[in-house]
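# got a structure for you, letters missing:
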């Protein structure tokens with residue numbers, strides 16, 4: 001809190017110093033101008049004090065604006081007292097001048113323009129209309145009343161003199177105040193530039209002096225060197241030279257040089273009324289100031305364009321993608337640095353070349369169909385493989401203006417990693433689908449897959465009125481092996497059993513693992529019960545052959561239960577139940593055999609070979 005208060009106090013002190021300095025300058029300029037005024041027109045000479053304060057307010061963005069206006073009023077009041085004018089007149093003039101400057105500042109801010117730096121013609125035009133035209137005229141109406149009242153000069157004459165004095169002061173000094181900046185002042189003071197500035201200033205003043213004495217149309221002659229100044233000098237130098245020439249013209253009109261330069265005593269300036277002088281002076285400085293502002297606009301536009309180009313190049317050179325532009329003649333006009341990274345090509349060497357000249361006939365031939373589409377106004381996307389096996393996705397976007405093709409934007413991004421990831425994801429998806437339908441240990445279909453295949457087989461059997469068989473297999477003596485030799489050995493044995501089962505069955509048959517050592521076989525198609533018996537005997541014989549697992553010779557057998565469709569059931573659940581029950585009946589009678597449900601064989605049929 002204390003720090004904030006201290007900062008505010010320091011800021012107030014700084015503004016107080018600025019306001020005091022402004023008031024001192026106003027007082028000094030008013031004192032000088034009062035020496036040039038005649039008795040009949042006590043306020044007719046230019047008054048630059050208002051321009052000083054308005055310029056400072058605009059430069060400092062209106063900080064403590066009331067303080068500056070109060071100090072301005074005090075300076076105007078003191079200057080009029082020092083000139084021997086009545087106190088009431090001094091107070092009225094002080095109030096009107098303060099209101100003029102305050103109104104000009106408020107109107108400029110209300111127009112939402114920033115004239116500081118005179119960076120565009122719009123700011124120059126609006127600020128000039130307010131500060132040189134509208135506000136001095138309004139102030140002149142009020143000022144003319146008090147001048148006529150105290151000096152009897154006539155209200156119209158007094159109004160014109162007051163308005164012209166204020167307008168001339170703004171016209172001379174306000175452009176200088178707005179054009180000034182530390183950076184512009186530093187550049188103007190560079191030795192070579194400052195010498196040129198002094199030379200042009202001297203030439204313009206001599207031309208003005210000679211033109212007012214000898215030229216029939218002196219203001220036309222005056223404008224020529226000022227135009228040269230605008231073309232050669234920065235805006236600040238132009239504003240200063242214009243101000244110096246208008247001051248010289250005003251002094252020639254007021255006649256202070258009569259004693260020093262008697263040969264100028266009959267200067268044509270003396271025949272001009274102040275209104276004419278103001279209009280001609282405004283016209284003389286308007287062209288060079290406008291040229292100066294336009295040059296500032298142009299320089300700023302060029303700078304912004306260059307900055308934008310640098311930013312664009314920085315962005316495109318750091319984007320991990322090929323970015324380029326082909327004109328309507330299919331020649332490169334822009335390429336980013338990635339071309340060099342990918343192809344080893346110098347970007348600047350590609351400019352002006354066709355794709356065939358820059359990248360070779362093979363690449364040009366490959367992209368030609370897509371480029372042809374883009375040249376017809378279509379946006380094209382395609383994938384291709386370039387040098388080194390890099391996979392890229394390319395996009396061609398036509399650059400159209402009023403329906404006419406100007407060129408084509410090109411962008412290619414490296415999708416090698418994406419393609420690799422997509423392949424990995426596809427592989428993982430396939431694996432996940434396999435795992436969802438298959439036993440992880442043996443790779444055989446699992447219970448879920450069995451249910452789907454059995455349902456499909458039943459539909460086919462019912463549609464064709466053909467028999468089918470379901471075999472329930474249980475591995476005999478597996479648990480003792482698993483307990484004695486360990487689960488790893490048991491798992492290897494199950495995998496070997498699964499392989500023999502698949503090798504023994506037909507391609508149209510399905511074998512699935514539905515439990516620890518339990519398997520189910522779907523036989524389709526079969527012609528008779530004998531087909532199922534034959535296949536069951538083959539399975540029994542295949543498993544009787546010893547298995548060699550990690551040096552252990554393992555002997556296992558199968559017990560099989562057989563259920564037939566349609567004899568034993570018409571649905572999957574019934575067939576599974578019948579086959580399971582038949583398998584347990586065979587196991588209870590000695591194992592290493594198959595058994596069929598009584599409904600299938602007409603008797604309790606047990607076979608063992």
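Here it is on my side, so go on. Only a predicted model underlies this, so the values are computations on that prediction, with no experimental measurement involved.
# Show residues contacting stretch 369-386.
Contacts to stretch 369-386, defined as Cβ atoms under 8 Å, 6 or more residues apart in numbering, come from residues 326, 328, 330, 342, 355, 363, 366-367, 391-398, 400, 405, 408, 415. For the C-beta atoms, the positions are set from N, CA and C on the backbone; glycine is no exception.
# so who does residue 68 touch?
18, 19, 22, 53, 56, 57, 101.
# re earlier: just the ones in helices from the contacts of stretch 369-386, please.
Mapping the contacts of stretch 369-386 onto helices (DSSP state H) picks out 342, 355, 363, 366, 367.
# thought the third one was touching residue 345?
No. Using Cβ atoms under 8 Å, residue 363 and residue 345 do not qualify as a contacting pair, with a distance of 11.2 Å.
# if I look at residue 403, how far off is residue 133?
Separation of residue 403 from residue 133 (Cβ to Cβ, to the nearest Å) stands at 46 Å.
# Kindly report the same for residue 18.
Taken as Cβ to Cβ, the span from residue 18 to residue 133 is 27 Å.
# who has more neighbours, those two?
residue 18 (19 against 15; other Cβ atoms under 10 Å).
# What helices and strands are in contact with whichever strand or helix holds residue 302?
Assigned by DSSP states H and E, residue 302 falls within helix 274-318. Counting contacts by 3 or more Cβ pairs under 8 Å, 6 or more residues apart in numbering; DSSP states H and E, helix 274-318 is packed against helix 121-128, helix 155-179, helix 218-232, helix 235-254.
# angle of it against helix 235-254?
Going by axes from the mean of the first three to the mean of the last three Cα atoms, to 10 degrees, helix 274-318 is angled at 180 degrees with respect to helix 235-254.
# what angle separates helix 274-318 from helix 155-179?
Using the same axes, to 10 degrees, helix 274-318 lies at 20 degrees relative to helix 155-179.
# what about the residue nearest to residue 501 when sequence neighbours are not counted, which SS state?
Computed as Cβ to Cβ, 6 or more residues apart in numbering, the closest residue to residue 501 that is not its neighbour in sequence is residue 511, at 4.9 Å. The local conformation at residue 511, judged by DSSP: H, G, I helix; E, B strand; the rest coil, is strand.
# Quick check: bridge partners of residue 511?
Note on residue 511: beta-bridge partners residue 521, judged by DSSP bridges.
# which residues touch it?
Per Cβ under 8 Å, 6+ apart, neighbours of residue 511: 444, 445, 498, 501, 502, 505, 519, 520, 521.
# quick check, nearest of those to residue 287?
Of all the contacts of residue 511, residue 287 sits closest to residue 445, with 94.2 Å by Cβ to Cβ.
# any idea which of the contacts of residue 511 is closest to residue 277?
Closest to residue 277, out of all of those and judged by Cβ to Cβ, is residue 445, at 108.1 Å.
# so how far is stretch 539-546 from its chain's centroid?
73 Å (Cα atoms, centre = their mean, to the nearest Å).
# Now do the buried residues in that stretch.
Neighbour counts over stretch 539-546 (16 or more other Cβ atoms under 10 Å) mark 539, 540, 543 as buried.
# can you pull the pLDDT of the second one?
Yep, that's residue 540 we're talking about. Confidence at residue 540, expressed as pLDDT, is 94.
# Point me to the helix or strand that includes residue 469.
strand 468-476.
# Please name every helix or strand in contact with that strand.
helix 447-464, helix 487-504, strand 518-523, helix 529-544, strand 557-565, helix 572-588.
# by contact count, what packs against the helix or strand following that strand?
Using DSSP H and E, the helix or strand that follows strand 468-476 in sequence is helix 478-485. Applying 3+ Cβ pairs under 8 Å, 6+ apart, one finds that helix 478-485 makes contact with helix 487-504.
# okay, the angle between the helix it packs on and strand 518-523?
Using the same axes, to 10 degrees, helix 487-504 lies at 10 degrees relative to strand 518-523.
# Which elements pack onto helix 487-504?
Packing partners of helix 487-504 (3+ Cβ pairs under 8 Å, 6+ apart): strand 468-476, helix 478-485, strand 510-513, strand 518-523, helix 529-544, strand 547-549.
# now that helix: mean pLDDT?
93.
# and the angle from it to strand 468-476?
Going by the same axes, to 10 degrees, helix 487-504 makes 150 degrees with strand 468-476.
# Looking at the ones in helices among the contacts of stretch 369-386, which is nearest residue 529?
residue 366 (64.7 Å).
# From residue 327, how far off is the closest one?
Taking Cβ to Cβ, one finds residue 366 at 21 Å from residue 327.
# Equivalent analysis for residue 280, please.
From residue 280 to residue 327 the distance is 52 Å (Cβ to Cβ).
# Neighbour count: the two, which is higher?
residue 280 (20 against 15).
# By mean pLDDT, flag the weakest helix or strand of this protein.
Ranked by mean pLDDT, DSSP states H and E, the helix or strand of the chain with the weakest confidence is strand 605-607, at a mean of 43.
# Tell me what angle the strand or helix carrying residue 192 forms with helix 274-318.
According to DSSP H and E, residue 192 maps onto helix 191-214. With the same axes, to 10 degrees defining the directions, helix 191-214 sits at 160 degrees from helix 274-318.
# Can you give me the buried ones in helix 191-214?
By neighbour count with 16+ other Cβ under 10 Å, helix 191-214 contains the buried residues 196, 197, 200, 201, 204, 205, 207, 208, 209, 211, 212, 213.
# and it, average pLDDT?
89.
# Not counting sequence-adjacent ones, nearest residue to residue 204?
That would be residue 225: by Cβ to Cβ, 6+ apart, it lies 4.1 Å from residue 204.
# what's around residue 393, how many residues?
Count around residue 393 with other Cβ under 10 Å applied: 16.
# Can you tell me the SS state at residue 353?
Put simply, residue 353 is coil when judged by three-state DSSP.
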